[in-house]
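Undergrad: Give the three-dimensional model of this entry:
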Amino acid sequence: MHSFRTLLEDLGTICLNTVECTIREGSYRFSKITRPTQLQQKALDLLGVSLICTQ
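TA: The predicted structure follows:
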């Protein structure tokens, strides 16, 4: 069970990672959001927040 403060701390562990890789002659960079835990996803659902990142 979380308090509001600890829930915010837990949600604060979701982060946006930048991934860069080189394949043959090309270098590619993309961003990936960490996958939320079940509890984090439930909180996001209740808030109506989506973590879908479009570029």
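Undergrad: just checking, L51 touches K32?
TA: No: in this structure, L51 is not within contact of K32 by CB atoms under 8 Å, at 10.5 Å. For glycine as for every other residue, the C-beta is placed from the backbone atoms N, C-alpha and C.
Undergrad: Can you point out the buried residues in stretch 38-46?
TA: Within stretch 38-46, the residues that qualify as buried are 40, 43, counting by 16 or more other CB atoms under 10 Å.
Undergrad: Show me the contact partners of that stretch.
TA: Contact partners of stretch 38-46, identified using CB atoms under 8 Å, 6 or more residues apart in numbering, comprise 2, 7, 10-11, 13-14, 36, 50-51.
Undergrad: right, and out of those, which lies closest to I23?
TA: L51 (26.4 Å; CB to CB).
Undergrad: Leaving out the residues flanking it, which one is nearest to that closest one?
TA: Once flanking residues are discounted, L51 sits nearest to I33: 5.0 Å by CB to CB, 6 or more residues apart in numbering.
Undergrad: What ranges does this structure have for its strands?
TA: Counting by DSSP state E, the segments of the chain that form strands are 16-23, 26-33.
Undergrad: With distance to Q41 and mean neighbour count added, can I get those in a markdown table?
TA: Shown next, in a markdown table, are the strands of the chain (distance: least, CB to CB, whole Å; neighbours: other CB atoms under 10 Å):
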| stretch | distance to Q41 | mean neighbour count |
| --- | --- | --- |
| strand 16-23 | 16 | 8 |
| strand 26-33 | 12 | 10 |
